[in-house]
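**Student:** please work out how this folds:
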Amino acid sequence: MSMCQCARKAELGEPPPSYSLISSNKNAPYDVRIWLAGSKIFDLPAFTLRVTVLLKNVMAVTKTTTRMILGPSLGHLGGMVGSRPWISIFISLLIGILSFTLIFLNPPKKNFGFENGYTTSDAPSIMEMRAQRDFFTDGKEGNPWYQALFVEPRNKEASMHTGKEYNEMKRFYKTIKNATIRYDEELGRDITYYDLCGSTCELNELLFTTVGMSFFGLSYPVTSIFSYQSNIGKHFYEVEVNKDEDLLSAKKALLVFMAFYQTREVKSDLTLYEEVVQYAVDEHNANLNNSVIFTLHGERGMAIAVQQGMQHGFKYLGAGVFLSTLVLFGVLPAIAFIVCSVHPIANYASVSFLIGLIMAFTIVFAIFFFSPAVLIICPAQDFTPLPTNSKQVVKPTLKKVESMRDCYCEHVDKCKYVKFVTILGVVALLVVPVYIGSITVEGNLDYRQLLKPESPKNYGVHLMSDVVWPTWFSIMFFVNKPPNFSNPKEYGRFKSMMAEIEAIDHKLPQSTDMVWINDFCRHTNAHPNDDALNMTRFKSFIEDAIYKSWRDGVKFKFHNDTEPEITSMLHIVTFEGTKSLADKGRLFEKCRAVTNKYPEFKTTPFDTEIGFADIIRQAPWVIVIIPLCAFGAMFVVSAIIIGNLSVAILNFLAVCLLYASTVGAVGLFGVSINPFNVAFYLVAAALSPSFTTHFCYYYQQAMRINSSAEKRERMNEMLRKCFFPCISSVICSMAVFLPALICHISIFETVAFANTAFCTIGVLLAFFIQVFLNMIPDMLTGTHWLWSPTSK
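**Tutor:** Now for the predicted structure:
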């Protein structure tokens with residue numbers, strides 16, 4: 001719509017007081033006169049007068065129901081900006097300069113991790129991660145660090161559990177554990193992994209001890225050594241066993257490293273250690289005479305690979321942003337997004353606040369910078385209204401466009417088939433994407449979605465996600481208040497809890513679990529299902545040459561030589577068939593449901609990715625709660641601006657349908673919810689009103705301009721004013737993500753696909769809402785709030 005266009009008095013409400021710049025002629029269009037003389041720029045009394053009038057009109061909002069509610073206030077706001085353009089431009093430039101200065105002085109921090117800010121403050125995983133940290137650090141502050149080393153034979157016929165392949169793995173393991181990380185001048189010696197790992201240094205030693213003592217071969221997953229049993233299932237994968245469960249072949253082996261760091265220095269040393277190990281791995285793999293190939297899967301390597309993938313994807317998004325600047329770009333209602341900054345998930349609240357801020361500043365700069373800039377670039381002493389009658393003089397080059405628009409409006413108004421197709425289309429959207437699609441949507445993320453296809457880290461993710469998890473997935477249960485195992489009642493309750501855990505789907509046999517109770521019963525010739533345990537023999541058990549390794553898995557103290565008290569303990573339970581983070585999340589929920597039934601033991605399940613499981617579990621709720629708040633606020637604001645309840649309700653329903661259809665349609669193609677596309681869905685929620693609100697507004701306002709206008713004429717006026725701005729906005733939205741469709745980073749490709757679905761459904765609904773506006777009786781879409789009397 002032209003910046004110079006003025007509406008009639010009926011469109012803007014009652015004429016302002018006589019001291020305004022607008023003609024008091026009751027039926028004439030407003031004749032706004034703009035003076036650019038420098039002497040008037042700082043006319044404080046006149047400026048104060050305008051502010052007073054503006055506030056007075058705002059106070060009158062609650063008293064009017066039959067005219068455009070915000071008309072007088074917006075009219076005076078336009079008068080203020082137009083009569084003092086240099087002041088508005090100066091303020092806008094000052095805000096822009098301050099914003100850029102703040103960005104330069106305090107640039108945004110890059111963070112590709114998910115450690116904090118993606119779950120609510122009361123998420124169960126926070127307590128569970130704290131339980132794991134407290135158990136291994138004796139209650140000290142610390143953050144966990146993990147690293148996995150996969151090993152596979154170069155000769156595909158060989159096995160990792162025996163021969164030169166096993167020996168080479170063992171030698172390499174010993175080498176990297178003693179490798180120099182750096183020289184410490186204060187200590188006067190080299191720092192190695194042993195200086196960092198604390199109580200977790202011996203995580204893999206039991207494997208090598210077991211293999212070294214197994215003179216007659218290994219059983220899988222649990223092997224016996226004399227009267228002892230050792231669980232080797234977590235170390236060997238893609239195995240072949242005979243009917244007696246003897247291990248015949250293992251194509252892959254896994255060694256695990258874990259530590260806790262309290263300071264940045266230790267964190268830096270662990271990062272440096274991963275770099276040292278990666279260098280050793282690369283050097284070893286480059287030697288074709290070696291019999292095994294190592295793959296390192298660690299935090300540093302994944303962070304670098306993810307950062308590379310993100311940077312690669314953002315290059316394509318940057319190209320899309322550049323492409324979108326070739327057409328106009330606009331956004332619509334910001335208040336709700338700013339209000340949603342109180343959402344309990346910090347990072348999503350920040351995204352919501354940022355979107356709201358962008359929308360607010362877009363409106364501010366459009367009013368106080370763009371508008372006065374146009375006035376200055378194209379100065380004129382007088383502005384006259386554009387003709388509002390339906391018989392406008394049109395240039396010959398536009399006659400064809402006018403003719404097409406008239407034909408379109410005629411078909412929408414008269415053709416029953418158009419109305420039938422519209423109703424059918426809305427029903428189809430409600431049934432297919434909204435209903436069917438919504439029940440298929442789930443939270444999930446595959447780390448390979450973040451990596452470039454050629455990244456070597458893809459193979460490490462494959463080994464972990466497609467080999468380890470489905471075969472052998474361990475959950476640590478930290479029992480922070482164990483029972484008195486000598487007390488039949490307390491021990492009976494504990495056994496009931498473990499029995500319920502044992503009954504969870506995909507649970508591996510109880511013999512694969514790792515808990516001190518099983519070995520204690522072997523040591524004492526008892527059985528874990530006995531009514532009580534003879535704890536007077538615990539001391540001899542924990543001091544046994546083999547079983548003393550359980551000191552890392554059970555915390556205790558002695559009141560005397562024969563009365564131990566178990567203060568906390570670790571029980572590792574194993575599952576199979578876990579194929580994704582979504583599967584992990586569902587499994588954690590089942591485990592939590594069991595442990596919550598036995599609060600006296602204060603048991604917390606844990607896995608290294610339990611935090612991320614909570615992230616993807618809560619993500620679907622984020623894309624429901626924040627948009628609902630935004631749409632509710634949008635309904636209130638649009639109802640005030642449009643001035644008609646029926647049209648506002650129709651617009652609200654269309655916006656909700658557009659957003660829900662987009663989420664559901666994308667879900668039909670297997671796209672899951674994750675922290676990356678959550679941000680896109682919040683943007684989609686912000687942009688959804690732009691597809692329909694303009695049409696609703698101008699259709700209703702056409703009646704204010706000409707109270708006797710036919711439906712066809714109202715549609716024609718609506719399309720004349722907003723078709724090209726709306727279609728430009730759609731093209732711009734498509735252009736932003738269009739290059740990302742070929743960036744080969746899965747997470748960006750799915751977001752680009754979601755944007756394509758969003759824009760496509762948005763165009764359909766923009767058409768549907770035009771038809772529905774035409775179908776609604778004029779009395780419900782007139783100039784009154786509820787019911788307009790017909791004047792024809």
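**Student:** any stretches of the stretch 351-500 of the chain with poor pLDDT?
**Tutor:** Residues of the stretch 351-500 of the chain meeting the criterion pLDDT under 70: 351-360, 363, 367, 377-398.
**Student:** name the helix or strand for Phe558, please.
**Tutor:** strand 554-560 (DSSP states H and E).
**Student:** typo on my end, it should be Asp190
**Tutor:** Going by DSSP H and E, Asp190 is part of strand 189-191.
**Student:** may I have the next helix or strand after that strand as CSV, with CA atoms only?
**Tutor:** Remark: after strand 189-191, the chain's next helix or strand is helix 205-213, criterion DSSP H and E. Provided in CSV are the C-alpha atoms of helix 205-213 (Å, rounded to 0.1, in the frame of the first residue of the first chain):
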residue,chain,number,x,y,z
GLU,A,205,41.0,-53.3,33.6
LEU,A,206,38.5,-56.1,34.4
LEU,A,207,38.3,-57.0,30.7
PHE,A,208,42.0,-57.5,30.4
THR,A,209,42.2,-59.4,33.7
THR,A,210,39.3,-61.7,32.6
VAL,A,211,40.8,-62.4,29.2
GLY,A,212,44.2,-63.1,30.8
MET,A,213,42.8,-65.6,33.3
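**Student:** what residues sit buried inside helix 205-213?
**Tutor:** With burial defined by 16 or more other C-beta atoms under 10 Å, the residues of helix 205-213 counted as buried are Leu206, Leu207, Phe208, Thr209, Thr210, Val211. For every residue, glycine as well, the C-beta is placed using N, CA and C.
**Student:** same check, this time on stretch 173-189
**Tutor:** Tyr173, Ile176, Lys177, Ile181.
**Student:** which of those residues fall within helices?
**Tutor:** When DSSP state H is applied, the buried residues of stretch 173-189 are split such that Tyr173, Ile176, Lys177 fall in helices.
**Student:** show me where the stretch 651-792 of the chain has helices.
**Tutor:** 675-687, 693-705, 711-737, 746-775 (DSSP state H, counting those that start in this stretch).
**Student:** any chance of the ones in helices among the buried residues of stretch 173-189 in TSV, with pLDDT and distance to Pro470 too?
**Tutor:** Shown next, in TSV, are those (pLDDT from 0 to 100; distance: C-beta to C-beta, whole Å):
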residue	pLDDT	distance to Pro470
Tyr173	96	25
Ile176	96	28
Lys177	94	29
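**Student:** on that earlier part again, ok, so of the buried residues of helix 205-213, who is nearest Ser568?
**Tutor:** Leu206 (20.8 Å; C-beta to C-beta).
**Student:** ok so, going back, nearest to Ser688 among the ones in helices among the buried residues of stretch 173-189?
**Tutor:** The closest of these, once distances to Ser688 are taken by C-beta to C-beta, is Ile176, at 53.3 Å.
**Student:** doesn't Tyr279 make contact with the closest one?
**Tutor:** No. With contact defined as C-beta atoms under 8 Å, Ile176 does not reach Tyr279; the gap is 10.0 Å.
**Student:** so who does Thr295 touch?
**Tutor:** By C-beta atoms under 8 Å, 6 or more residues apart in numbering, the contact set of Thr295 is Leu149, Phe150, Val151, Glu152, Val281, Tyr459, Gly460, Leu463.
**Student:** scratch that, Phe588 is what I was asking about
**Tutor:** Counted by C-beta under 8 Å, 6+ apart, Phe588 has contacts Pro124, Ile475, Pro605, Asp607, Ile610, Ala613.
**Student:** pick out the most distant pair among those.
**Tutor:** Pro124 and Ile475 (13.2 Å).
**Student:** counting contacts, what elements does the longest strand along the chain pack onto?
**Tutor:** Across the chain, the longest stretch assigned as strand under DSSP state E is strand 247-261. Applying 3 or more C-beta pairs under 8 Å, 6 or more residues apart in numbering; DSSP states H and E, we find strand 247-261 packed against helix 124-137, strand 143-153, helix 163-177, strand 236-241, helix 264-286.
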